[in-house]
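[1] With the input below, show me the fold.
(chains A and B)
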2 protein chains.
Amino acid sequence: MRIARPFRFRRGGEIPEMTLAYETWGELSASKDNALLLTTGLSPGSHARSTPENPAAGWWEEMIGPGRPIDTDRWFVVCNNSLGSCHGSTGPASIDPRTGDPYRLAFPELSVEDIASSSRDLLKELGVDRLGAVVGPSLGGMTALAYALLHPDEIERLVMISAASAASPFAMALRSIQREAIRSDPDWKGGGYAPGRGPKRGMGLARKLGVVTYRSAFEWKARFDRHRVARPSAEPFGVEFEIEAYLQSHADRFVPTFDANSYLYLSRAMDLFDAAEHGASLEEAVARIRARVLVIGVETDLLFPLEQQRALADLFVATGHETVFAPLPSVQGHDSFLIDLPRFSPPIRAFLAR
Amino acid sequence: MRIARPFRFRRGGEIPEMTLAYETWGELSASKDNALLLTTGLSPGSHARSTPENPAAGWWEEMIGPGRPIDTDRWFVVCNNSLGSCHGSTGPASIDPRTGDPYRLAFPELSVEDIASSSRDLLKELGVDRLGAVVGPSLGGMTALAYALLHPDEIERLVMISAASAASPFAMALRSIQREAIRSDPDWKGGGYAPGRGPKRGMGLARKLGVVTYRSAFEWKARFDRHRVARPSAEPFGVEFEIEAYLQSHADRFVPTFDANSYLYLSRAMDLFDAAEHGASLEEAVARIRARVLVIGVETDLLFPLEQQRALADLFVATGHETVFAPLPSVQGHDSFLIDLPRFSPPIRAFLAR
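    Residues are numbered from 1 along each chain as shown, chains lettered A, B, ... in the order given. Next up, the predicted model:
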């Protein structure tokens, strides 16, 4: 949807108009009390579930639908591609109507709060003023929290999955290195690459390192151990082990689909987010939120370790919120919410059903 | 020391002669029964402790010396720069006497066993036929194990610190990405860079990622949390947080001192090492070793997690070895052996004193 008015960014700057790609499932009730916003991780677009228009499986296909944990017989589900991304929403690769050229690094500094605010603008256009629920994994969990901090009275249920109130320095280090891999690629050209001719090697490296942080050592030991590929690369120091081929296949799939500057902006936004900025203290900021809260975390998550979700849950309890904390023993690390549906479905189903 | 005869590599290839830079502390006894070989991690050279010739602090300064845990009043300590490295020993940056040019990628494929065998050649030249002890951290722990597997009757005490019988796919993934960062830098030139004009950005990235794997999230939370630097970088997406400045300073110190091709060879050697190749099974291979064994590991080690040291210790016990296992609660991750001397000293002192 094109929203033909200026959007102001939290840390300064504005864009004269904004397009947000979105999809919906289910129907908005007459009383408009059944809207559920699904906020996404760094890389997915709005296609969370297949639709008649796009029958391809969505990124959370099994979680959403009639009778599913996010039950579209009850909920009007909205998922939009994040502001700053590149799957149909306005971002650094979009044309600045004021210049006729892509924004590139002239795109304003992006914050997680901007992603939340832009989604709220979209919801207003759809006639939604209050949310029955916001559900977000990873960066989407931060976005859900940002939404609740900015509009504490507009959300009934807040679901944060494998997220945190602020990134740890360990996660920031790993993202900083990913960004440097992109910036170090001569094809990045200071952000000025032509469309489709971006920093492929740097993006491949960034994606590989991302994948390392999204999965778990335990899972890889079981899946790949030290198995070798049938045909090792002829390149010196090239692919020889299955784990290396796995990373390469992830990079090969991802790189052609994602804009490098979008990656930099979204990655940096995750580092910069800090819920504590929304009050005199983190407690004071969170205390104003009126929602019931579900916090889910995974024991093997390297990027957003379980202690961060435990701290979040403790914080919501301490500030008087009805809170459910679901620590899960999934083995797929940070990405478990995409894979381990048998474990993730029950707490989400139960929380949304109440 | 120059050893003017061919050295054959385990996986094929040879070099016509070899130089190994080494240092010693203490005196070899008349009965030659007090030699201790110290095998090193990927980056250090032979300078483990200050000497009259080189009074700069060594990489294990506090561990070695008169009355120290590695007591030079008792032990004749030898530490050499690994074959394939670049701190005085023959490696890819050395001149191939057959061509007059640096070996570069014509250097034969390096194995951990080659590092061990070359050190043994050095010891022979020094008049040492048996070792009272081999002590090695990280890659050095693998080298110590390789030595014992190749020469099971020549070692009385084997000390493996933060090492494993083979790398996990998680550690291999992280090293593979480091190598790709180097190979992706156009200044690598397929390994053909001129001396001193190597892939600085790629090496910087590799070192930063290495440092992430050497320390721990817990330590960084306490040291850096989300503190910002006083003067953020003017570069887009440049250094803004202390954790980023910390990584940058590590890269700035390391890159000028280390040859990129050496890094590739040593890194790959760690991935390829598998003690199980030395027998019909890992158990059978290890059972032949005659040494008493000390295995040390650290709870926060991401690269060689404590389960790997526990498995090693269990393996030595199961194969009839007198074994001491010391799991330590240090917070500095894989690098703890360099830093947490109060915890590392007692088990090493006790084991070597017996």
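[2] going forward, measure contacts and count neighbours with C-alpha atoms only.
    Will do.
[3] For chain B, what's the nearest residue on the stretch 201-350 of chain A?
    residue A:217 (5.0 Å; C-alpha to the nearest C-alpha).
[4] before we move on, what about the stretch 1-150 of chain A?
    Counting by C-alpha to the nearest C-alpha, the stretch 1-150 of chain A gets nearest to chain B through residue A:105 (8.1 Å).
[5] and the gap between that residue and residue A:263?
    Separation of residue A:105 from residue A:263 (C-alpha to C-alpha, to the nearest Å): 12 Å.
[6] for the stretch 251-354 of chain A, what spans make up the strands?
    Taking DSSP state E, counting those that start in this stretch as the criterion, the stretch 251-354 of chain A contains strands spanning A:292-298, A:323-328.
[7] With chain A instead?
    Ranges of strands within chain A are A:2-3, A:7-8, A:14-15, A:18-19, A:22-25, A:35-38, A:64-65, A:70-71, A:76-80, A:133-137, A:157-161, A:292-298, A:323-328, based on DSSP state E.
[8] near chain B, which residues of the stretch 101-250 of chain A?
    A:168-170, A:172-174, A:176-177, A:179-181, A:184-185, A:201-202, A:205, A:208-209, A:212, A:216-217, A:220-221, A:224-226, A:237, A:243-244, A:247 (C-alpha under 8 Å from any C-alpha of the partner chain).
[9] now with 6 Å?
    A:169-170, A:217, A:225 (C-alpha under 6 Å from any C-alpha of the partner chain).
[10] Next, check these against the helices and list the overlap.
    A:169-170, A:217 (DSSP state H).
[11] Adding neighbour count as columns, could you present those in CSV?
    Shown next, in CSV, are these (neighbours: other C-alpha atoms under 10 Å in any protein chain shown):
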residue, neighbour count
A:169, 26
A:170, 25
A:217, 25
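[12] Minimum pLDDT in the residues you listed, which residue is that?
    When those are sorted by pLDDT, the bottom entry is residue A:217 at 93.
[13] can you give me the end-to-end distance of stretch A:320-338?
    Stretch A:320-338 has its terminal residues 31 Å apart, counting by C-alpha to C-alpha.
[14] Please read the previous query as pertaining to stretch A:327-338.
    16 Å.
[15] And the pLDDT for the nearest residue to the residue of the stretch 1-150 of chain A closest to chain B once chain neighbours are set aside?
    Nearest non-adjacent residue to residue A:105, counting by C-alpha to C-alpha, 6 or more residues apart in numbering or on different chains: residue A:191, 6.1 Å away. On pLDDT, residue A:191 comes in at 98.
[16] For burial, what's the neighbour tally of residue A:191?
    If you count neighbours by other C-alpha atoms under 10 Å in any protein chain shown, residue A:191 ends up with 21.
[17] Over to residue A:123?
    19.
[18] got a list of what residue A:127 touches?
    Contacts for residue A:127 (C-alpha atoms under 6 Å, 6 or more residues apart in numbering or on different chains) come out as none.
[19] quick one on the thing from earlier: distance to residue A:93 added to the ones in helices among the residues of the stretch 101-250 of chain A next to chain B, as TSV?
    Shown next, in TSV, are these (distance: C-alpha to C-alpha, whole Å):
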residue	distance to residue A:93
A:169	29
A:170	29
A:217	35
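[20] Show me chain A divided up by domain.
    Listed domain ranges for chain A are A:2-166+A:274-353, A:171-267 (source: automatic domain parsing).
[21] is it true that residue A:285 touches residue A:278?
    Yes. Contact criterion C-alpha atoms under 6 Å: residue A:285 and residue A:278 qualify, at 5.3 Å.
[22] If you count surrounding residues, which of the two has more?
    residue A:285 (19 against 15).
[23] From residue A:22, how far out is that one?
    29 Å.
[24] still on that earlier bit, of residue A:105 and residue A:263, which one has the most company?
    When residue A:105 and residue A:263 are compared for neighbours, residue A:263 comes out ahead with 23 against 18, by other C-alpha under 10 Å.
[25] Quick check: pLDDT value at that one.
    98.
[26] again with residue A:196
    With respect to pLDDT, residue A:196 has a value of 85.
[27] Count residues in the vicinity of it, would you?
    12.
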